[in-house]
Every structure is written in structure tokens, then in C-alpha cells.
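J.: Fold the following and give me the result.
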Amino acid sequence: MYNSYTVRILTRFWNKVIYYYNYSFIKAVFSRLGNSISMASSGSVIKRIFTNKASLIEKSLIYRFYTAVINFIEKISDNVRSSFNRLKEGSILCRVVYDLTNGKEKLITTLSVSIIGFGLAIIATRVFRGNIISYTNIAALTLIIIAIFCIALSNKSENIIDNSYIVKLVKDIFTIDDGGDKWW
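T.: Alright, predicted model coming up:
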């Protein structure tokens, strides 16, 4: 079903847990306890209220208040969104932000330049305070080097990300296998 060793191992583990639980002392205790409670509450009015098909939550005043508040917040957010969409068309700032983040390469370059600026600001403030060599400066310098490396490889970033073993592992966990051997 899944082309993933992780899901396969977790499924086998879960099947073993279920198998051992079916023959365990805990299940025997819980089943006897559950049978006693269901037998004791067979004619209970409270049990009928909680097991009724018509949901008590939907009939309650708190639920009605909650849905009214959520609907009000949704209307406000829709109004704010529509007003921002009207203002966005003539906005220089929105156009600049869109141009800087349009596409993976531009986004990586923009984030890398921001990280470089952040790292330089940290180093400058630490140097002005008299802390020339510190762990903070080393961490900021490391961030700057990584950001420069990202800028240098920004045009190849899509290939690097797509060929990454970690990305492939995460994709394989959530990919449904259409064929192959049945491991279950």
C-alpha cells in the first residue's frame, strides 16, 4: 500500500501491539468493567441523553454562541481581505514584495539577503559592544556563509531540493504505492 519502510515498520509494530493486547490481562479487566457499567446503566436516563442521536452540542446555547462568534470573525476577515485586495492593486510595497518572492529562486535569494543583513547587524552590534570573538558572532558568521552559499546555488536549488534524500524520504512516507508486493 505504501512505498515506505517507516510506515511498514510502524504498521507491523501496531499489529503486534493489537495481537498482544487481545490476549492481555488489561483487556480482560477493561472488558469486564465495561460490561458491568453497561449492564448497570441499561435503563439510565443520563445514558440516553448522552447516547441520543440528536447531538446535545448542536442544541446548546454555548454552541450557538460559538458559531455566531466564528461567523462574525469570518465576516470581518472577508471584509478586511476584500479591502486589502482593492488597496493592493495600487500599492508599490505589495508589488515589490510580490516581485521579490515570485518564484523559488527569487524567494531563496530574498531570504538569503535578509539573513546576510541579519547576520551583519548581529556582528556589528556585538563588535560595537566590545565582544569581537563570541559564540554569537560565530553563529552569525555561519549564517552569513550559508546564505552566501544559497545565493550561489539559487539557480540550482530546485534540482538540489528535488534530489535530496531527506525530501525523498518525506515524500515516500506520504506516497501511495499503486502496485508492488503486498507487505501486509
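J.: For Phe13, the count of nearby residues, please.
T.: 10 (other C-beta atoms under 10 Å). Where C-beta positions appear, they are placed from N, C-alpha and C, glycine not excepted.
J.: Check which element follows the strand or helix carrying it along the chain.
T.: Per DSSP states H and E, Phe13 falls inside helix 5-22. Next along the chain after helix 5-22, taking DSSP H and E as the criterion, comes helix 25-40.
J.: chain center to that following helix, what's the gap?
T.: Centre-to-centre, helix 25-40 and its host chain are 38 Å apart (C-alpha atoms, centre = their mean, to the nearest Å).
J.: That one versus helix 5-22: what angle between them?
T.: Between the axes of helix 25-40 and helix 5-22, defined by axes from the mean of the first three to the mean of the last three C-alpha atoms, to 10 degrees, the angle is 60 degrees.
J.: which strands and helices sit next to helix 25-40?
T.: Helices and strands touching helix 25-40, as assessed by 3 or more C-beta pairs under 8 Å, 6 or more residues apart in numbering; DSSP states H and E, are absent.
J.: what sits up against it?
T.: Tyr21 (C-beta atoms under 8 Å, 6 or more residues apart in numbering).
J.: So Arg81 versus Ile73, what's the distance?
T.: Counting by C-beta to C-beta, to the nearest Å, the separation of Arg81 from Ile73 is 12 Å.
J.: do Ile116 as well
T.: 39 Å.
J.: So for those two, which residue has more residues nearby?
T.: Per other C-beta under 10 Å, whichever of Ile116 and Ile73 has more neighbours is Ile116, with 19 against 10.
J.: Isn't the more buried one up against Ala147?
T.: Yes. Between Ile116 and Ala147 there is a contact at 4.7 Å, judged by C-beta atoms under 8 Å.
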